[in-house]
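Q: pasting the sequence and the predicted coordinates here, then a few questions.
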There are 2 protein chains.
Amino acid sequence: MLEAKGLRPSYQRLKILEYLAGSKAHPNVDMIYEDLAKKIPTISKTTIYNTLAALVEKGLARAVTISGQEVRYDFDVSEHSHFLCKKCGRVTDVYGIKLPNTKEKAEGRVIEEVHLYLKGICRECLNKLKGVQNGKR
Amino acid sequence: MLEAKGLRPSYQRLKILEYLAGSKAHPNVDMIYEDLAKKIPTISKTTIYNTLAALVEKGLARAVTISGQEVRYDFDVSEHSHFLCKKCGRVTDVYGIKLPNTKEKAEGRVIEEVHLYLKGICRECLNKLKGVQNGKR
DNA sequence: TTTCGTGCAAAGCATTTGCAAGTAG
DNA sequence: CTACTTGCAAATGCTTTGCACGAAA
């Protein structure tokens, strides 16, 4: 995959790509760093930043800026939406929502990316809230 | 407006709300600070952060996290989309795109916000690029 | 040998926090 | 009097930059 995009398949890049491909948590740089550092103690955040930027530029990953505080990364570049839980901060995929046609309203702009971001409370956090309420009674 | 939401209409808050209402640039905190500081030399960024957070919480403004680097603010809380030009960084409104129905896919989540973010190159930047190309010939 | 990739350290910004002084109800 | 608001200064956290060393083509 990397070679097809003109990127040298270095050990670090392979591990970062592999990590991203195996995660559904939409990790940020720090999560990737913390986990990979266990196996590769010499890895640096700079390399992770460099690699992720290259992956996004080459279309091998997507940057998800839903939280506004940090960039999260997604290996799945197919059409789908993202949900951010305001309570626990988790970002999850939402499949099956048809993105609207934006070309009609482009008005001379070139639209390269379309992101549908949903924010609210996830099911797990809702269940916890219910539990707390019941406990109070 | 402020009083209706339980916020004291202080001079700073009024000016910030007024500024936001009169701007279509989707300003970030720094833009608001730089402009307001000309008239109100004592205003602080802390107050702007505080006020914007209160406005968003009370539904008098929207936070636009399209760039992933900074939060931009929009006085228009009606349903519309946003476009970020990757070239010049400007954020513009896009009206008329019908947001997809997300309730069907909520799967137990409570969805409180729906944001459609478009990224690409704006018309102005495209025109500049054309100009450069023609100049080369 | 020239370009590319890595990683340390420092710098850069946006944002948050602690806190003291001022203001309004 | 009491709660809210302001704003300075410091701290935090994510990301970028400068740079030197090492590795690959």
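A: Cool, got the structure.
Q: give me the contact list for the helix or strand bottoming out on mean pLDDT in chain A.
A: For chain A, counting by mean pLDDT, DSSP states H and E, helix A:123-136 ranks last in confidence among helices and strands (a mean of 82). With contact meaning CB atoms under 8 Å, 6 or more residues apart in numbering or on different chains, helix A:123-136 is reached by A:Cys85, A:Lys87, A:Cys88, A:Ile121, B:Glu107, B:Gly108, B:Arg109, B:Val110. Yep, even glycine has a C-beta here, placed from its N, CA and C like the rest.
Q: what do you get for stretch A:49-65?
A: Stretch A:49-65 is touched from outside by A:1-2, A:5-7, A:12-13, A:16-17, A:20, A:26, A:29, A:32, A:71-77, A:82, A:91, A:115, B:65-68, B:117, with contacts defined as CB under 8 Å, 6+ apart.
Q: drop anything exposed from those.
A: A:2, A:7, A:12-13, A:16-17, A:20, A:26, A:29, A:32, A:71-75, A:82, A:91, A:115, B:65-68, B:117 (16 or more other CB atoms under 10 Å in any protein chain shown).
Q: what's near enough to touch whichever residue of chain A sits closest to DNA strand D?
A: Nearest residue of chain A to DNA strand D, counting by CB to the nearest atom of the strand: A:Val71, 3.4 Å away. Counting by CB under 8 Å, 6+ apart, A:Val71 touches A:Asn28, A:Val29, A:Leu52, A:Ala63, A:Val64, A:Thr65, B:Gly68.
Q: from those residues, which shows the smallest pLDDT?
A: When the contacts of A:Val71 are compared by pLDDT, B:Gly68 scores lowest at 90.
Q: let's verify the nearest residue to A:Thr92 once chain neighbours are set aside: helix, strand, or coil?
A: Leaving aside its sequence neighbours, A:Thr92 sits nearest to A:Phe83 (CB to CB, 6 or more residues apart in numbering or on different chains; 5.0 Å). The three-state assignment at A:Phe83 reads strand, by DSSP: H, G, I helix; E, B strand; the rest coil.
Q: distance check, A:Phe83 against B:Ser23.
A: In this view, A:Phe83 and B:Ser23 are 30 Å apart by CB to CB, to the nearest Å.
Q: which one of the two has more residues nearby?
A: Between A:Phe83 and B:Ser23, counted using other CB atoms under 10 Å in any protein chain shown, A:Phe83 has the larger neighbour count: 23 against 15.
Q: surely A:Ala63 is in a helix?
A: No - counting by three-state DSSP, A:Ala63 falls outside a helix, being strand.
Q: so in terms of bridging, what pairs with it?
A: A:Tyr73 (DSSP bridges).
Q: mind checking how far it is from A:Val94?
A: Counting by CB to CB, the gap from A:Ala63 to A:Val94 is 17 Å.
Q: how about A:Lys39?
A: Taken as CB to CB, the span from A:Lys39 to A:Val94 is 31 Å.
Q: and these two? Which one has more around it.
A: More crowded of A:Lys39 and A:Val94, by other CB under 10 Å: A:Val94, with 18 against 9.
Q: leaving out the residues flanking it, which one is nearest to that one?
A: A:Ser81 (4.3 Å).
Q: what ranges do the helices span in chain A?
A: Using DSSP state H, the helices of chain A run over residues A:11-21, A:29-39, A:45-57, A:123-136.
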